[in-house]
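**Student:** everything below, folded, please.
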Amino acid sequence: MGNTDAAAVGLGNTDTAAQVAPSMSYAIKVDVWSDIQCPWCYIGKRRFEQALEQFDGEVEIEYHSFELSPDTPVDYDGTPAEYLSQRKGLSMEQTQGMLRQVTAVAESVGLSYDFDRVHQTNTVKAHELLHYAKSKGRQAELKERLLEAYFVKGEHVGRVESLANIAAELGFDRDEVVRVLESGEFTPAVKADVAQAAAYGIQGVPFFVFDGKYGVSGAQEASTFEQVLRQVREEAAA
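**Tutor:** As a prediction, this is how the structure comes out:
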C-alpha cells in the first residue's frame, strides 16, 4: 500500500529498447506495471498525465498486470483497513492512518478516494479485461474506468458480472466480455506480464519502464516524470 522512493535505474534486459534514430514521429514507449487496487498507481497515473501535459513529445503508453495480493478471495469479507491490518501486522489505528494519508494525497491530484465503499478483492479478472481492451485498442480508457470504479465509486472489480457491466457501459460487447473472462482467454497474457515484472526485478507498483531501458518506481511528482522523459529523448537523439 505504501509508496516507493524515486528510482531511475537501468534495466538489465534492453532488447526491447527503441534503437531507431529519433525523428518528428519518434514516440517514447512507456510500459506501466500497476494493479487496479493500488492507490498509489492511480495517483501515479495522474501525476504522469500532468507530466505529459508539460512534455512536448510523443509518448506511447501500455499498461501491464501486477497483482499485489493474488491470494485475496474475490469476495473478501472485510474492509481495506482490516485487510491491511491482517496482511501487514499493523493495528487498525495504523492502517486507518495510512488510508487517511493516501486519501489526502489523492485529493491533491483531483481524486476522491472513498475507502468506506471499497470492495477489497482479487483483481486477476480485471487484468484479463484490460488485456481484452488492449486487443480492441481501448486499454487506456478501461484502465481509468476500473481505477475509478474501485477507489471512487465503490464498484466490485473482482466479479465477472460486475466487470461485464463496466465494460458494457463503455460500449464493449457484454456477452463477449463474459465469455472472454469466464474462459480465461487472457490469463496467459496476465501471467506473461507478471513474469516480465519479475525479470525486471519489479517488487512494487506503480513501476514505469521508459523505452525498455530505464525504470522509475513509485508515484513520483510530475516534474520527475517530465525530467525522465526529456532525458530519454535526449539520449535517443544522441
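**Student:** do a quick rundown of the strands in the protein.
**Tutor:** For the chain, applying DSSP state E gives strands covering 8-10, 27-34, 58-65, 207-210, 214-217.
**Student:** now those strands as a markdown table including mean neighbour count and mean pLDDT?
**Tutor:** For glycine as for every other residue, the C-beta is placed from the backbone atoms N, C-alpha and C. Converted to a markdown table, these look like this (neighbours: other CB atoms under 10 Å; pLDDT from 0 to 100):
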| stretch | mean neighbour count | mean pLDDT |
| --- | --- | --- |
| strand 8-10 | 12 | 64 |
| strand 27-34 | 20 | 98 |
| strand 58-65 | 18 | 98 |
| strand 207-210 | 24 | 98 |
| strand 214-217 | 21 | 97 |
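**Student:** spit out the contact partners of the most centrally placed residue in the chain.
**Tutor:** The chain has Ser34 as the residue nearest its centroid, 2.8 Å off, counting by CA atoms, centre = their mean. By CB atoms under 8 Å, 6 or more residues apart in numbering, the contact set of Ser34 is 41, 44-45, 63-64, 66, 205-207.
**Student:** measure Gly201 to Phe66 for me?
**Tutor:** The gap separating Gly201 from Phe66 is 13 Å, by CB to CB, to the nearest Å.
**Student:** the more surrounded of those two?
**Tutor:** Neighbours were counted for Gly201 and for Phe66 using other CB atoms under 10 Å; Phe66 has more, 27 against 11.
**Student:** what about Leu147, neighbour count?
**Tutor:** Other residues lying near Leu147 total 24 when counted by other CB under 10 Å.
**Student:** sorry, that was for Phe115
**Tutor:** By other CB under 10 Å, 18 other residues sit near Phe115.
**Student:** ok, back up a step: okay, and the beta partners of the residue nearest to the centre of the chain?
**Tutor:** Ser34 forms beta bridges with Ser65, as assigned by DSSP bridges.
**Student:** what separation do you get for it and Ser183?
**Tutor:** Distance from Ser34 to Ser183, by CB to CB: 25 Å.
**Student:** what's the answer for Ser85, then?
**Tutor:** If you go by CB to CB, the gap between Ser85 and Ser183 works out to 36 Å.
**Student:** repeat that for Tyr76.
**Tutor:** Tyr76 is 24 Å from Ser183, by CB to CB.
**Student:** more neighbours: the two, which one.
**Tutor:** Legend: neighbour count by other CB under 10 Å for Tyr76 and Ser183, higher for Tyr76 (16 against 10).
**Student:** pLDDT-wise, which helix or strand of the chain ranks last?
**Tutor:** Of all the helices and strands that make up the chain, strand 8-10 has the lowest average by mean pLDDT, DSSP states H and E, namely a mean of 64.
**Student:** so how far is Tyr214 from the residue sitting furthest away from the middle of the chain?
**Tutor:** The outermost residue of the chain relative to its centre, with distances by CA atoms, centre = their mean, is Ala238 at 31.0 Å. Ala238 sits at a distance of 15 Å from Tyr214 (criterion: CB to CB).
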